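below are the sequence and a predicted model; questions follow.
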Amino acid sequence: MEPWLIVVVVVAIIALFLFMWAVGIYNNLVTLRNRFKNAYSQIDVQLKRRYDLIPNLVETAKAYLKHESGTLEAVIAARNQAAQMQSRVAADPTDGTAMKQFLLAEGALNGSMGKFFGLSEAYPDLKANTTMAQLSEELTTTENKVAFARQAYNDGVMVYNTAREVFPNNVFSGIFNFGAAVAYEIEDAKERVVPKVAF
(Lines give C-alpha, C1' and ligand atoms only; values in the text may rest on other atoms or scores of the structure.)
Protein backbone atom coordinates (compact mmCIF):
# COMPACT_ATOMS: atom_id res chain seq x y z
CA MET A 1 0.00 0.00 0.00
CA GLU A 2 1.25 3.45 -0.92
CA PRO A 3 2.29 5.73 2.01
CA TRP A 4 0.05 8.59 0.80
CA LEU A 5 -2.92 6.19 0.71
CA ILE A 6 -2.24 5.18 4.32
CA VAL A 7 -2.20 8.86 5.33
CA VAL A 8 -5.51 9.47 3.50
CA VAL A 9 -7.13 6.46 5.19
CA VAL A 10 -5.88 7.54 8.64
CA VAL A 11 -7.09 11.12 8.09
CA ALA A 12 -10.47 9.82 6.87
CA ILE A 13 -10.82 7.58 9.93
CA ILE A 14 -9.94 10.47 12.25
CA ALA A 15 -12.38 12.77 10.43
CA LEU A 16 -15.12 10.13 10.67
CA PHE A 17 -14.39 9.65 14.36
CA LEU A 18 -14.57 13.45 14.99
CA PHE A 19 -17.79 13.70 12.98
CA MET A 20 -19.43 10.87 14.94
CA TRP A 21 -18.23 12.42 18.21
CA ALA A 22 -19.78 15.80 17.24
CA VAL A 23 -23.04 14.07 16.22
CA GLY A 24 -23.09 12.30 19.58
CA ILE A 25 -22.69 15.59 21.46
CA TYR A 26 -25.39 17.25 19.36
CA ASN A 27 -27.83 14.36 19.84
CA ASN A 28 -27.19 14.31 23.58
CA LEU A 29 -27.96 18.04 23.85
CA VAL A 30 -31.16 17.59 21.83
CA THR A 31 -32.22 14.69 24.06
CA LEU A 32 -31.60 16.66 27.25
CA ARG A 33 -33.41 19.73 25.90
CA ASN A 34 -36.42 17.58 24.98
CA ARG A 35 -36.43 16.03 28.45
CA PHE A 36 -36.69 19.36 30.24
CA LYS A 37 -39.33 20.51 27.73
CA ASN A 38 -41.32 17.38 28.52
CA ALA A 39 -40.88 18.01 32.23
CA TYR A 40 -42.31 21.50 31.73
CA SER A 41 -45.33 20.03 29.97
CA GLN A 42 -46.11 18.17 33.22
CA ILE A 43 -46.06 21.51 35.06
CA ASP A 44 -48.25 22.97 32.32
CA VAL A 45 -50.99 20.41 32.94
CA GLN A 46 -51.06 21.11 36.68
CA LEU A 47 -50.94 24.88 36.26
CA LYS A 48 -53.91 24.79 33.90
CA ARG A 49 -55.80 22.82 36.52
CA ARG A 50 -54.87 25.36 39.18
CA TYR A 51 -55.85 28.28 36.97
CA ASP A 52 -59.22 26.61 36.41
CA LEU A 53 -59.78 26.17 40.15
CA ILE A 54 -59.03 29.76 41.14
CA PRO A 55 -62.10 31.38 39.49
CA ASN A 56 -64.30 28.76 41.15
CA LEU A 57 -62.81 29.63 44.54
CA VAL A 58 -63.37 33.33 43.93
CA GLU A 59 -66.97 32.77 42.78
CA THR A 60 -67.68 30.69 45.87
CA ALA A 61 -66.18 33.37 48.12
CA LYS A 62 -67.94 36.31 46.43
CA ALA A 63 -71.14 35.89 48.41
CA TYR A 64 -69.22 36.00 51.69
CA LEU A 65 -66.62 38.62 50.77
CA LYS A 66 -68.88 41.27 49.24
CA HIS A 67 -66.90 44.10 50.83
CA GLU A 68 -63.58 42.68 49.64
CA SER A 69 -64.07 42.98 45.89
CA GLY A 70 -60.60 44.53 45.46
CA THR A 71 -58.94 41.38 46.77
CA LEU A 72 -61.10 39.15 44.60
CA GLU A 73 -60.39 41.25 41.50
CA ALA A 74 -56.65 41.20 42.29
CA VAL A 75 -56.72 37.39 42.48
CA ILE A 76 -58.47 37.08 39.11
CA ALA A 77 -56.16 39.66 37.48
CA ALA A 78 -53.07 37.87 38.82
CA ARG A 79 -54.47 34.53 37.69
CA ASN A 80 -55.13 35.86 34.18
CA GLN A 81 -51.64 37.36 33.94
CA ALA A 82 -50.01 34.14 35.16
CA ALA A 83 -52.10 32.04 32.75
CA GLN A 84 -51.10 34.28 29.83
CA MET A 85 -47.39 34.09 30.73
CA GLN A 86 -47.68 30.34 31.30
CA SER A 87 -49.05 29.91 27.77
CA ARG A 88 -45.98 31.70 26.37
CA VAL A 89 -43.65 29.43 28.31
CA ALA A 90 -45.61 26.31 27.34
CA ALA A 91 -45.15 27.26 23.68
CA ASP A 92 -41.35 27.40 24.14
CA PRO A 93 -39.85 26.38 27.50
CA THR A 94 -36.41 27.33 26.18
CA ASP A 95 -37.38 31.04 26.08
CA GLY A 96 -35.60 32.39 29.15
CA THR A 97 -37.26 35.82 28.97
CA ALA A 98 -40.74 34.29 28.88
CA MET A 99 -39.83 32.02 31.82
CA LYS A 100 -38.66 34.98 33.90
CA GLN A 101 -41.86 36.93 33.15
CA PHE A 102 -43.88 33.84 34.01
CA LEU A 103 -42.09 33.46 37.34
CA LEU A 104 -42.85 37.09 38.20
CA ALA A 105 -46.52 36.55 37.33
CA GLU A 106 -46.60 33.37 39.42
CA GLY A 107 -45.09 35.27 42.35
CA ALA A 108 -47.79 37.92 42.06
CA LEU A 109 -50.48 35.21 41.91
CA ASN A 110 -49.09 33.48 44.99
CA GLY A 111 -49.08 36.80 46.82
CA SER A 112 -52.68 37.60 45.92
CA MET A 113 -53.78 34.04 46.80
CA GLY A 114 -52.07 34.42 50.17
CA LYS A 115 -54.07 37.62 50.81
CA PHE A 116 -57.23 35.89 49.64
CA PHE A 117 -56.81 32.95 52.02
CA GLY A 118 -55.74 35.25 54.84
CA LEU A 119 -58.87 37.32 54.34
CA SER A 120 -61.13 34.29 54.07
CA GLU A 121 -59.91 33.07 57.47
CA ALA A 122 -61.88 35.96 59.00
CA TYR A 123 -65.18 34.63 57.63
CA PRO A 124 -66.35 31.52 59.54
CA ASP A 125 -69.31 30.96 57.23
CA LEU A 126 -66.97 30.82 54.25
CA LYS A 127 -64.67 28.40 56.05
CA ALA A 128 -67.68 26.16 56.75
CA ASN A 129 -68.83 26.16 53.10
CA THR A 130 -68.43 22.63 51.71
CA THR A 131 -67.82 23.81 48.15
CA MET A 132 -65.06 26.11 49.35
CA ALA A 133 -63.53 23.29 51.40
CA GLN A 134 -63.62 20.92 48.43
CA LEU A 135 -62.11 23.48 46.06
CA SER A 136 -59.42 24.31 48.61
CA GLU A 137 -58.55 20.63 48.96
CA GLU A 138 -58.30 20.28 45.18
CA LEU A 139 -56.09 23.37 45.05
CA THR A 140 -53.81 21.97 47.76
CA THR A 141 -53.49 18.68 45.87
CA THR A 142 -52.75 20.56 42.66
CA GLU A 143 -50.12 22.72 44.40
CA ASN A 144 -48.40 19.53 45.57
CA LYS A 145 -48.41 18.16 42.02
CA VAL A 146 -47.00 21.45 40.71
CA ALA A 147 -44.20 21.28 43.28
CA PHE A 148 -43.36 17.70 42.28
CA ALA A 149 -43.42 18.53 38.55
CA ARG A 150 -41.35 21.67 39.18
CA GLN A 151 -38.66 19.58 40.88
CA ALA A 152 -38.51 17.20 37.91
CA TYR A 153 -38.31 20.17 35.53
CA ASN A 154 -35.53 21.84 37.54
CA ASP A 155 -33.59 18.57 37.61
CA GLY A 156 -33.90 18.35 33.82
CA VAL A 157 -32.78 21.96 33.44
CA MET A 158 -29.75 21.35 35.67
CA VAL A 159 -28.67 18.27 33.68
CA TYR A 160 -29.18 20.09 30.36
CA ASN A 161 -27.35 23.25 31.47
CA THR A 162 -24.46 21.20 32.86
CA ALA A 163 -24.19 19.20 29.63
CA ARG A 164 -24.15 22.34 27.48
CA GLU A 165 -21.57 24.12 29.67
CA VAL A 166 -18.89 21.42 29.97
CA PHE A 167 -16.01 21.29 27.51
CA PRO A 168 -16.16 20.41 24.61
CA ASN A 169 -19.98 20.51 24.61
CA ASN A 170 -19.89 24.26 25.22
CA VAL A 171 -18.28 24.73 21.81
CA PHE A 172 -21.05 22.80 20.09
CA SER A 173 -23.83 24.35 22.19
CA GLY A 174 -22.66 27.76 21.00
CA ILE A 175 -22.38 26.70 17.37
CA PHE A 176 -25.78 24.99 17.30
CA ASN A 177 -27.52 27.62 19.46
CA PHE A 178 -28.37 25.51 22.50
CA GLY A 179 -29.22 28.35 24.89
CA ALA A 180 -29.30 28.08 28.66
CA ALA A 181 -32.55 26.91 30.22
CA VAL A 182 -34.09 28.84 33.11
CA ALA A 183 -35.06 26.93 36.23
CA TYR A 184 -38.52 27.34 37.75
CA GLU A 185 -37.48 29.13 40.93
CA ILE A 186 -39.12 31.96 42.82
CA GLU A 187 -36.49 34.52 43.76
CA ASP A 188 -38.37 36.73 46.23
CA ALA A 189 -38.45 35.10 49.68
CA LYS A 190 -41.97 36.45 50.34
CA GLU A 191 -43.23 34.75 47.21
CA ARG A 192 -41.79 31.39 48.26
CA VAL A 193 -44.47 31.09 50.93
CA VAL A 194 -47.14 28.72 49.67
CA PRO A 195 -50.62 30.11 50.20
CA LYS A 196 -52.21 28.54 53.24
CA VAL A 197 -55.26 26.58 52.22
CA ALA A 198 -57.10 25.54 55.34
CA PHE A 199 -60.87 25.35 55.59
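It's in.

lowest-pLDDT helix or strand in this structure?
Lowest on mean pLDDT, DSSP states H and E among the helices and strands of the chain sits helix 124-128, with a mean of 76.

what does it contact?
With Cβ atoms under 8 Å, 6 or more residues apart in numbering as the contact definition, helix 124-128 has outside contacts at 60-61, 64-65, 120-121, 132-133, 199. C-beta here means a position set from N, CA and C on the backbone, and glycine is covered the same way.

go again using 10 Å as the cut-off
Helix 124-128 has contacts (Cβ atoms under 10 Å, 6 or more residues apart in numbering) with 60-61, 63-65, 119-121, 132-133, 136, 198-199.

buried ones among the residues you listed?
60-61, 64-65, 119-120, 132-133, 136, 199 (16 or more other Cβ atoms under 10 Å).

okay, and which of the residues you listed map to helices?
With DSSP state H as the criterion, helices contain 60-61, 119-120, 132-133, 136 from among the buried ones among the contacts of helix 124-128.

out of those residues, give me the two with the largest separation.
119 and 133 (16.4 Å; Cβ to Cβ).

could you pull out the helices for the chain?
Counting by DSSP H, the segments of the chain that form helices are 3-62, 69-91, 96-120, 124-128, 130-165, 169-175.

residue 91 and residue 98 touch, don't they?
Yes: with contact defined as Cβ atoms under 10 Å, residue 91 reaches residue 98; the gap is 8.0 Å.
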